[in-house]
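> take a look and give me a structure for this.
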Amino acid sequence: MTALNTTDLSQLTMNQLVARYNELADSPVKTFRNKAQAVAAIDELEANYASTEDEPMEAIQPAPSGELSSLVGAMLNPAPTEPEAEEGPALISLQTLCNELQVVPRIARRRLRKALGLLTEGRWEFTEDQLDEVRAIIQGTASTNVQAATDADE
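Numbering: from 1, shown residues only. Okay, here's the model as predicted:
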């Protein structure tokens, strides 16, 4: 808190009284109804503030040097966390395949929708087992029934 001034509160404006109250109070106010209410509230806060200044503060006990150094060391050098193990087979994204095959992803998705139907899982990711079929569909070299669907696309 700030040091108290010994100014006459009756000489202050309402804005100055509100500012003075907000310096001392835990919860600030925007205004008071009248000057008398403001002066009374500030007098009460100043009395409480003056009484708490006289109370001795508790002494802070220093931590043993071993504890402190271990705490600081733990904070500065956190234990390395192991990456979470992936569950299931490794998935290859459509973006990766499109980059590899130099195909626009929009065209690849269109061809896959026609050949495989609408994917309900939401992500365009494939396992190693599916890669050959997906590559063939994206490149347009799939079997005849899939080839007919992709030819109509172009």
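> can you list the buried residues in the longest helix anywhere in the chain?
Secondary structure of the chain per DSSP state H: the longest helix is helix 35-53. Within helix 35-53, the residues that count as buried by 16 or more other C-beta atoms under 10 Å are 38-39, 41-42, 45-46. All C-beta spots, glycine's among them, are computed from the backbone N, C-alpha and C.
> what does stretch 105-116 give?
Those buried within stretch 105-116 under the rule 16+ other C-beta under 10 Å are 108, 111-112, 115.
> of the buried residues of helix 35-53, closest to M75?
L45 (38.7 Å; C-beta to C-beta).
> quick one: the helices in this protein?
Using DSSP H, helices in the chain cover 14-24, 35-53, 65-76, 94-101, 105-116, 131-139, 144-153.
> need these in JSON lines (columns: distance to R123).
Formatted as JSON lines, these follow (distance: least, C-beta to C-beta, whole Å):
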{"stretch": "helix 14-24", "distance to R123": "54"}
{"stretch": "helix 35-53", "distance to R123": "61"}
{"stretch": "helix 65-76", "distance to R123": "39"}
{"stretch": "helix 94-101", "distance to R123": "8"}
{"stretch": "helix 105-116", "distance to R123": "12"}
{"stretch": "helix 131-139", "distance to R123": "13"}
{"stretch": "helix 144-153", "distance to R123": "21"}
